[in-house]
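Q: okay, predicted coordinates and the sequence, questions at the end:
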Amino acid sequence: MSRSKAPLAVGLAAAGGVGYYLYSAGGSPRAAEKQFESDAHHVAAKIKGEVPQRSTDLEREGRRVGKEIGARVDNAVDTVNRDVSKAKSETESYAKSAKADTLKKIDEFDRKVEDGASKSKSYVSSWFGSK
């Protein structure tokens with residue numbers, strides 16, 4: 001069975017870190033501890049200083065992207081509304097035209113029926129002697 005080499009690597013890195021701080025402090029464990037705390041504090045402050053900057057950058061980027069998406073959605077909605085309005089006006093125009101044609105045909109039919117009725121009335125009246 002093969003064992004993981006990660007614990008060995010972590011242990012060597014920790015020993016190397018301890019050795020570095022002891023060597024730089026001249027062999028004094030107390031001075032090495034203070035140096036380590038100072039470096040840790042410096043790194044933590046640097047990370048904390050960069051995090052707000054990154055979050056504001058991300059916030060600005062998010063707002064910019066949100067505005068772009070909002071503009072695209074608004075543009076799409078306007079296009080759809082314009083197309084619907086155009087289709088509605090074309091449909092209304094077609095409906096008015098169809099209604100006018102239908103009424104015209106009804107009037108023509110009505111005239112033909114009335115003409116036919118008046119001719120037949122005069123024909124029937126001629127049988128009985130009235131004009």
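A: Thanks, I have it. All values reported here derive from a predicted model rather than from experimental measurement.

Q: residue 118 and residue 34: what is the separation?
A: 124 Å (CB to CB, to the nearest Å). Using the backbone N, CA and C atoms, a C-beta is placed for each residue, glycine as well.

Q: when those two are compared, which one has more neighbours?
A: Comparing residue 118 with residue 34 by other CB atoms under 10 Å, the one with more neighbours is residue 34, at 13 against 10.

Q: who's in contact with the more buried one?
A: By CB atoms under 8 Å, 6 or more residues apart in numbering, residue 34 lies in contact with residue 25.

Q: low-scoring stretches of this structure, by residue?
A: 1-2, 51-55, 124-126, 129-131 (pLDDT under 70).

Q: can you rerun that using 50?
A: Counting by pLDDT under 50, the chain contains no low-confidence residues.

Q: name the single longest helix found in it.
A: Secondary structure assigned by DSSP state H gives helix 29-128 as the longest helix of the chain.

Q: from the chain's centroid, how far away is that one?
A: Averaging C-alpha positions (CA atoms, centre = their mean, to the nearest Å) puts helix 29-128 12 Å from its chain's average.

Q: again with stretch 25-38
A: Relative to the centre of its chain, stretch 25-38 is centred 56 Å away, using CA atoms, centre = their mean.
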